[in-house]
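J.: Provided below are the primary sequence and the corresponding predicted coordinates.
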Amino acid sequence: MTESGFDIAGLEAGHRPVSEFRYEKRPVVRGYNDRTLYVNVGNGRIAEKPVSADMRAKFTGGKGYGLRLLWDAVNPSTKWDDPENEINIAMGPVCGNTNYPGSGKSLVVSISPTTGIPIDCNVGGYFGPFLKFAGFDALEVQGKADRDVIVFIDGDDGVVSIFEAPGEAVDSHVLAEQMVAMFSRDEKDRQHISSVSAGTGAEHALIGCLNFSFYDKRRKVARLKQAGRGGIGTVFRDKKIKALVVRYSGLDVSSNNPADLAGLQETGLKLHREIVTLDDQQCRMREIGTAHLTEIMDEYDLLPTRNYKFGSSPDSPGLDSHAFSAMVTHGLPDGCWYGCTMACAKAADGFELATGPYRGHKVTVDGPEYETVAGCGSNIGVYDPRVVMELNFYCDTYGLDTISFGTSTAFVMECWEKGVLDSTRTGGLEMTWGNGPAVLELLHRIGRGEGFGLVAGLGVRGMKKYFAEHYGADPKLLQDIGCECKGLEYSQYVSKESLAQQGGYSMALKGPQHDEAWLIFMDMVNNRIPTFEDKAEALYYFPMFRTWFGLQGLCKLPWNDIEPADNASTDEPAKVPEHVENYLAIYKAITGNDLDRDGLIRQSARVYNFQKVFCIRMGKGRRIDDWPPYRMMGPVTVEEYESRADRYDKQLKEQVGIDPSGMGTPGKVAALRAYREDRYEKLLDAVYKRKGWTREGVPTVETLHDLGIDYPEVLEVVKPLLE
Ligand code: SF4
């Protein structure tokens with residue numbers, strides 16, 4: 001036994017080498033290595049690949065690199081569990097910089113088990129930056145191993161190895177600690193180890209996530225950040241990967257070898273000061289992270305409640321930021337990468353688990369983010385923060401996405417309420433609103449791959465099919481209340497009263513995750529896009545702008561969670577112009593290349609349109625796929641309508657031109673629905689046109705040519721749809 005409590009020598013004795021690859025170490029040059037690492041866990045092949053000048057010019061880095069490599073690896077009939085599917089982790093030129101807050105993100109792409117199209121996740125932790133400084137702009141993992149393997153990238157010695165690892169844990173909170181203990185040379189070296197892992201839940205469900213670790217030297221614990229959406233953890237375990245591990249110990253302020261270190265530091269210092277000065281008045285991210293949003297969401301009727309039926313609850317104070325603030329440890333620099341003064345990666349220490357295989361253990365729980373508070377709290381009627389914390393912990397360590405788990409469980413509960421499910425179908429679980437013990441037991445059954453856990457692990461789209469086929473449930477009702485689009489579960493806002501957010505969710509290329517177009521606050525809280533035209537333009541600009549973070553390896557939060565004091569008086573406050581100028585400045589300081597605002601959008605538009613064509617190539621991405629379930633657009637049921645009757649009656653009168661007096665509620669529900677669906681059709685038309693797409697949502701040849709991505713293989717996908 002080592003000091004860590006693990007029998008590391010015993011674990012190592014079980015290892016069997018598969019293959020090894022030595023590479024030449026060389027420094028990053030102005031944010032780039034210009035080579036990527038290929039690892040095939042099926043046949044043991046490991047190789048480095050040069051990045052072509054065209055790839056660097058057109059795809060920039062990060063998500064762009066990941067998608068380009070994935071496109072070349074798969075074909076239109078590739079399924080998520082085919083060996084050729086890849087998990088690609090890529091960084092981008094800004095990633096790893098320690099001078100500007102939020103510069104440590106990795107972008108992960110794969111063909112998703114739940115959508116069948118490319119999914120992308122933006123994730124913190126040290127793996128991506130260490131991989132970059134180990135010598136690679138991206139890691140491409142392909143193939144399927146027969147037995148559990150670990151891939152170790154030793155960036156200090158320039159060696160990549162694959163070995164069978166039968167003894168190590170699968171659940172992430174144990175595995176991440178084992179990797180630190182196994183690969184660090186001494187106590188100080190622990191912070192130089194980062195791993196990627198999933199968990200036992202990801203082996204049994206389609207909604208698996210990846211955990212990227214970072215060693216917290218103050219807490220002396222390996223902490224976890226999630227690449228949550230779309231089931232990449234499921235792909236990971238299907239490939240029988242236990243962990244990807246990297247070691248790199250040479251980090252300093254100039255590891256990214258920027259063109260202008262002094263300029264970079266100057267811009268970074270400006271933002272550091274702003275965050276420290278303004279955070280208390282604006283977002284309290286440094287105190288409680290994103291969980292500060294819960295009470296604002298409740299106040300504006302945006303907090304998902306009972307499967308998105310409602311946007312607030314009298315019980316929601318139980319989950320407000322003060323409840324979680326009392327549980328997390330304060331006063332520590334909680335950045336998920338060095339140099340992030342925003343420090344929103346909060347954690348509760350010494351949390352004693354009450355259920356499951358680790359019952360009685362005292363653990364550090366990362367989070368919860370507001371999505372977890374809503375998804376594993378209000379949306380399933382749970383208002384006990386300890387239950388939310390426990391769900392958060394187990395989702396993470398089992399490698400399950402808290403958002404998809406929450407939205408799937410909310411769907412299960414409404415199906416229970418509507419009589420689609422009963423205890424004979426759930427294996428005795430009483431899936432009533434707010435039944436925390438039943439939800440925890442459901443989660444453990446997913447972790448064990450047992451009974452109804454396997455059904456819930458299919459996610460919402462899978463359950464809709466299952467319930468219709470096995471229980472004779474009404475497919476139309478399931479479609480209305482099952483909150484997924486393209487196969488991905490909705491993230492956590494009620495979008496009924498925000499047309500812009502309806503589009504932001506449903507038009508998002510990968511499925512309804514708000515990172516592409518988080519417009520709900522802009523639309524409903526700050527009223528910055530009041531007209532139809534404003535909303536359509538926002539659905540052009542913001543997805544393009546926000547794509548840029550994923551090309552660079554940046555976190556989006558420091559862009560607009562803290563705004564300069566005079567931001568409201570600028571021409572375009574929603575864009576936070578001063579921060580956009582910061583980004584242009586740091587891009588130039590790192591790469592040495594000039595970039596203006598149009599150039600930034602153009603970099604993004606190339607990758608965005610490439611991803612759109614990629615989705616079409618894989619069988620989704622057309623108009624019909626951008627259509628939300630009606631629950632996300634308006635009141636499906638009489639109960640929902642009547643809960644907000646004054647609001648809806650007023651809308652019928654003033655917006656639709658119908659006098660609701662004398663009408664029955666079902667008639668009013670139908671009239672409002674017809675109006676809202678027509679309005680959404682018009683929004684699709686306007687946004688597609690602005691993006692240079694056809695009415696079917698297909699990028700035109702002119703658009704692709706203008707962006708310089710009219711590659712023959714790209715035109716081959718779109719041309720038949722343009723005839
Ligand atoms: S703002 Fe939060 S999520 Fe973003 S880089 Fe900083 S600590 Fe990580």
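T.: Perfect, thanks for sending it.

J.: distance of Tyr466 from Gly453?
T.: Tyr466 sits 13 Å away from Gly453 when distances are taken as Cβ to Cβ, to the nearest Å. No exception for glycine: its C-beta is placed from N, CA and C like everyone else's.

J.: pLDDT weak spots in this structure?
T.: The chain contains residues with pLDDT under 70 at 1-4.

J.: scan it for its longest helix.
T.: When the chain is parsed with DSSP state H, its longest helix is helix 665-691.

J.: can you give me the buried ones in that one?
T.: Applying a neighbour-count criterion of 16 or more other Cβ atoms under 10 Å, one finds 665, 668-669, 671-673, 675-676, 680, 683-684, 686-688, 691 buried in helix 665-691.

J.: do stretch 327-342 as well
T.: Residues 327-328, 334-342 are the ones in stretch 327-342 that count as buried (16+ other Cβ under 10 Å).

J.: check stretch 435-448 too.
T.: 435-436, 438-448.

J.: before we move on, the earlier item: for the longest helix of the chain, the distance to its chain's centre please.
T.: Centroid displacement of helix 665-691 relative to its chain, using Cα atoms, centre = their mean, to the nearest Å, is 28 Å.

J.: dihedrals phi and psi, the residue nearest to Leu251 when sequence neighbours are not counted?
T.: Spatial nearest neighbour of Leu251, chain neighbours left out: Phe133 (6.4 Å); criterion: Cβ to Cβ, 6 or more residues apart in numbering. Backbone torsions for Phe133, taken as degrees, to the nearest 10, come to phi -70, psi -20.

J.: nearest to the ligand among the buried residues of stretch 435-448?
T.: Leu443 (24.4 Å; Cβ to the nearest ligand atom).

J.: before we move on, which element is that closest one in?
T.: helix 436-448 (DSSP states H and E).

J.: what parts of the protein come near the ligand?
T.: Residues of the chain lying close to the ligand (Cβ under 6 Å from any ligand atom) are 101-102, 104, 124, 335-337, 340, 342-345, 555, 557-558.

J.: three-state assignment of the nearest residue in space to Leu488 that is not next to it in sequence?
T.: Nearest residue to Leu488, sequence neighbours excluded (Cβ to Cβ, 6+ apart): Gly511, at 2.6 Å. Here Gly511 is coil, with the state taken from DSSP: H, G, I helix; E, B strand; the rest coil.

J.: was I right to think Gly511 contacts Cys121?
T.: No: using Cβ atoms under 8 Å, Gly511 is not in contact with Cys121, being 11.6 Å away.

J.: quick one: common contacting residues for the two?
T.: By Cβ atoms under 8 Å, 6 or more residues apart in numbering, Gly511 and Cys121 have these common neighbours: 229-230.

J.: for the closest residue to the ligand within the stretch 451-600 of the chain, grab the count of nearby residues.
T.: As assessed by Cβ to the nearest ligand atom, the ligand sits closest to Cys555 within the stretch 451-600 of the chain, at 3.2 Å. Cys555 has 23 neighbours, counted by other Cβ atoms under 10 Å.

J.: right, and it touches Asn122 too?
T.: Yes: using Cβ under 8 Å, Cys555 is in contact with Asn122, at 7.4 Å.

J.: common neighbours of those two, please.
T.: 105, 549.

J.: which one's more surrounded, Tyr466 and Gly453?
T.: Using other Cβ under 10 Å as the criterion, Tyr466 and Gly453 rank with Gly453 on top: 22 against 16.

J.: which element is Val365 on?
T.: Val365 belongs to strand 362-366, assigned by DSSP H and E.

J.: can you list the strands that that strand pairs with?
T.: strand 347-352 (antiparallel) (DSSP bridges).

J.: list the buried residues in the partner strand.
T.: When burial is assessed from 16+ other Cβ under 10 Å, strand 347-352 yields the following buried residues: 347-348, 351.

J.: residues in contact with it?
T.: Applying Cβ under 8 Å, 6+ apart, the set of residues contacting strand 347-352 is 216, 219, 221, 223, 324, 327-329, 334, 360-367, 389-390, 393.

J.: again, 10 Å this time
T.: Applying Cβ atoms under 10 Å, 6 or more residues apart in numbering, the contact partners of strand 347-352 are 216, 219, 221, 223-224, 289, 324, 326-329, 332, 334, 358-368, 385-386, 389-390, 392-393.

J.: contact partners for the residue nearest to Leu488?
T.: 112, 114-115, 117, 119, 229-230, 461, 484-491, 505, 615, 620, 625 are the contacts of Gly511 under Cβ under 10 Å, 6+ apart.

J.: Val717 in helix, strand or coil?
T.: On the basis of three-state DSSP, Val717 is classed as helix.

J.: now it: closest residue in space, sequence neighbours ignored.
T.: That would be Arg617: by Cβ to Cβ, 6+ apart, it lies 4.6 Å from Val717.

J.: isn't that neighbour right up against Pro118?
T.: Yes: look at Arg617 against Pro118 with Cβ atoms under 10 Å: they come within range, at 9.4 Å.

J.: who has more neighbours, these two?
T.: Taking other Cβ under 10 Å, Arg617 and Pro118 do not tie; Pro118 has more neighbours (27 against 21).

J.: before we move on, back to that, now the strand holding Val365 - C-alpha only, CSV.
T.: Once non-C-alpha atoms are left out, strand 362-366 reads as follows in CSV (Å, rounded to 0.1, in the frame of the first residue of the first chain):
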residue,chain,number,x,y,z
LYS,A,362,-16.5,11.5,2.9
VAL,A,363,-15.8,12.9,-0.6
THR,A,364,-15.1,16.2,-2.4
VAL,A,365,-18.0,17.0,-4.7
ASP,A,366,-17.3,19.3,-7.6
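
J.: on that earlier part again, give me the subset of the contacts of Gly511 that lies in helices.
T.: Per DSSP H, these map to helices at 461, 505, 615.

J.: who wins for neighbours among those?
T.: Among the ones in helices among the contacts of Gly511, Tyr505 has the most neighbours (other Cβ under 10 Å), with 28 neighbours.

J.: so how many other residues sit close to Leu261?
T.: Leu261 - counted by other Cβ under 10 Å - has 16 other residues nearby.

J.: residues in contact with it?
T.: If you count contacts by Cβ under 10 Å, 6+ apart, Leu261 has them with 97, 99, 253-254, 589-590.

J.: thinking Asn75 is in contact with Asp82, fair?
T.: Yes: judged on Cβ under 10 Å, Asn75 makes contact with Asp82 at a distance of 9.1 Å.

J.: mind checking which of the contacts of strand 347-352 are buried?
T.: Among those, the ones that count as buried (16+ other Cβ under 10 Å) are 216, 221, 223-224, 289, 324, 327-328, 334, 358, 363-368, 385, 389-390, 392-393.
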